[in-house]
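> Predicted model and sequence below, questions to follow.
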Amino acid sequence: GENVEQHPSTLSVQEGDSAVIKCTYSDSASNYFPWYKQELGKGPQLIIDIRSNVGEKKDQRIAVTLNKTAKHFSLHITETQPEDSAVYFCAARAVGGSQGNLIFGKGTKLSVKP
Amino acid sequence: NAGVTQTPKFRILKIGQSMTLQCTQDMNHNYMYWYRQDPGMGLKLIYYSVGAGITDKGEVPNGYNVSRSTTEDFPLRLELAAPSQTSVYFCASSYYQGSSGYTFGSGTRLTVV
């Protein structure tokens, strides 16, 4: 079945710097890759997603890139702000097992220092 | 529009007790999911449902049961609680299965002592 690896597990940056979180997936047939942000004490919230027919997608300060050949995708946050501090999860849609459900990475705790 | 509502927010159970975690969504989503979140381990799928009356096991179903009698409700039942079930539980729903954003509830923090 699908397996999603996420790195790094923790990331600390200075306010204004960029942050990059990387994920790899194992199922070459996976076709949907969302990213979620989880603030302390809350449930994960979708912040951006990308489908397999697109290489890059941007939404203001966040962007996601997808390399299908290498089976990896990344989240890029520019001009980081303290409110970007949270745990970020990547996910991939499993086409084979689990009937097409999302498989999540283990998360990256991002800390933005003012 | 409340989205996905989970109750209770916190609960302490003794070993061997049972309880039901409630989940309700008001978005008319067919697909609903239960995940557990352990520190450093991400989100693991317990059970999911593709519609009223249809449920299926996820990655870690042992010790849990679910039912889906209506589109709105997807309760998770813990029988004979064990310390290994100490976790944060999230319910989620989606319009399409795995190819659109999931809407998550705010979670239930369960401690088994």
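Here it is on my side, so go on.

> Tally up the residues packed near B:T108, please.
Close neighbours of B:T108, defined as other C-beta atoms under 10 Å in any protein chain shown, add up to 22. In this view, the C-beta of every residue, glycine as well, is placed from N, C-alpha and C.

> Enumerate every residue touching it.
Taking C-beta atoms under 8 Å, 6 or more residues apart in numbering or on different chains, we find B:T108 in contact with B:Q6, B:T7, B:P8, B:K9, B:F10, B:R11, B:L21, B:V88, B:Y89, B:F90.

> Now do the same contact list for the fourth one.
The contact partners of B:K9, taken as C-beta under 8 Å, 6+ apart, are B:S106, B:G107, B:T108, B:R109.

> mind checking how far A:D49 is from B:S100?
According to C-beta to C-beta, to the nearest Å, A:D49 and B:S100 sit 8 Å apart.

> who touches both of these two?
Joint contacts of A:D49 and B:S100 (C-beta under 8 Å, 6+ apart) are A:Y32.

> Next step: the contacts of B:K9 restricted to helices.
Counting by DSSP state H, the contacts of B:K9 place none of their members in helices.

> Just these: which are in strands?
B:T108, B:R109 (DSSP state E).

> Tabulate the contacts of B:K9 (JSON lines), appending pLDDT and distance to A:E5.
Formatted as JSON lines, the contacts of B:K9 follow (pLDDT from 0 to 100; distance: C-beta to C-beta, whole Å):
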{"residue": "B:S106", "pLDDT": "95", "distance to A:E5": "28"}
{"residue": "B:G107", "pLDDT": "96", "distance to A:E5": "24"}
{"residue": "B:T108", "pLDDT": "97", "distance to A:E5": "28"}
{"residue": "B:R109", "pLDDT": "96", "distance to A:E5": "27"}
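
> Let me know how buried A:F73 is, in neighbour terms.
For A:F73, using other C-beta under 10 Å, the count is 27.

> Close to chain A: what parts of chain B are there?
B:4, B:33, B:35, B:40-43, B:45, B:48, B:50, B:56, B:58-59, B:90, B:92, B:97-107 (C-beta under 8 Å from any C-beta of the partner chain).

> Which among those residues count as buried?
Among the residues of chain B next to chain A, those scoring as buried are B:4, B:33, B:35, B:42-43, B:45, B:48, B:50, B:58-59, B:90, B:92, B:97-105, B:107 (criterion: 16 or more other C-beta atoms under 10 Å in any protein chain shown).
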